[in-house]
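**Q** dropping the sequence and predicted coords here.
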Amino acid sequence: MSSRPFSRTTPPISAGAQLRHLRQQAGLSQLDCALIAGISQRHLSCIETGRAKPGPGTLHNLLTALDAPLERCNDIFLASGYAPRYETTPLTSSSMEVVRDAIHHVLHANNPAPAIVLGSHWEVLAANASTGVLFDLVGLAKDAAEGLNLLVTLLQPGGLGDHLCNAEEIRSVAWQRATREASSNSTLAEILKSLPVPNSLSTLAEELLPLLLTRINSPHGELKFMSTFTTFGMPLDITMSSLRIEHLIPADAKTWEVMTNAYERTQNENT
């Protein structure tokens, strides 16, 4: 399948125009946004048109009301004449020890179900032992997860996507989500440019499950997983706001049995 150029709309430059753009993207009227931010609709109108300059506190309340990504918040603070508010702290920094400990705890607790930590570009930053077990079951290297880009391995031929029973559905959903995120993430937008565009979603079945399952081919037959995400609440750092842990929870008794037996066998081999 050939690649198709990925285009993204360049956001407006002025702080007021950027706020209006974010508000419209959120589907909020001026009145609704003003009520959430604790200001008058007239004041918000003046801010959006550039007739009034918001103070740092008002700007923070507006951006919080709009659930703006922290990197975008920094851009708008700069456009308003203020210093950037949020830092990007490396995950390896000593100040992030409590975060690393929390990630380790969540990953370990998820065994024998796979779990991976994703960064803002869908890069795999860490994975638990069961992720290696799953990779081994489908014929991939056990240690192949860390360093992979999940979006790339799902969409490019020869990757994890080739082992999915419902590859078209999963690839389409991944593409759609990444495309939304790329509107405020230029690096992710560049990654999308290099990837093949998946086919449109096939016609939906008459009876739908409550959620889309990840269905994986294995020597033990089809394995079914439901996907959930863990994120850090109230992040005040760009690195923390971008982190998410994806849990692949077995969706039936057979998958639980296969993953449990394979995980326990691996643990016994390592002791």
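**A** Noted; the coordinates are in hand.
**Q** show me which residues of the helix or strand harbouring F225 are buried.
**A** If you go by DSSP states H and E, F225 is part of strand 223-231. Of all the residues in strand 223-231, those buried under the rule 16 or more other C-beta atoms under 10 Å are L223, K224, F225, M226, T230. (Each C-beta comes from the backbone N, C-alpha and C, glycine too.)
**Q** I'd assumed L248 was in contact with the first one.
**A** No - the pair formed by L223 and L248 falls short of the contact definition of C-beta atoms under 8 Å, at 9.2 Å.
**Q** joint contacts of the two?
**A** L134 (C-beta atoms under 8 Å, 6 or more residues apart in numbering).
**Q** residue ranges with poor pLDDT in the stretch 51-200 of the chain?
**A** By pLDDT under 70, the low-scoring segments of the stretch 51-200 of the chain are 200.
**Q** how about the helices in it?
**A** Remark: helices assigned in the stretch 51-200 of the chain by DSSP state H, counting those that start in this stretch are 56-65, 70-79, 97-110, 129-137, 150-155, 167-182, 186-193.
**Q** how about those helices, which one is nearest H43?
**A** If you check each of these against H43 by C-beta to C-beta, helix 56-65 wins as the nearest, at 7.9 Å.
**Q** just checking, what packs against that closest one?
**A** helix 15-26, helix 30-37, helix 41-49, helix 70-79 (3 or more C-beta pairs under 8 Å, 6 or more residues apart in numbering; DSSP states H and E).
**Q** beta partners for L223?
**A** I216 (DSSP bridges).
**Q** do you know the pLDDT at it?
**A** Reading off the confidence values, L223 has pLDDT 97.
**Q** next, the contact list for it, please.
**A** Contacts of L223 (C-beta under 8 Å, 6+ apart): L134, L137, R215, I216, N217, P250, K254, T255, V258, M259.
**Q** quick revisit: who are the packing partners of the helix or strand following the strand holding F225?
**A** Remark: after strand 223-231, the chain's next helix or strand is helix 238-242, criterion DSSP H and E. Here helix 238-242 touches helix 70-79, going by 3+ C-beta pairs under 8 Å, 6+ apart.
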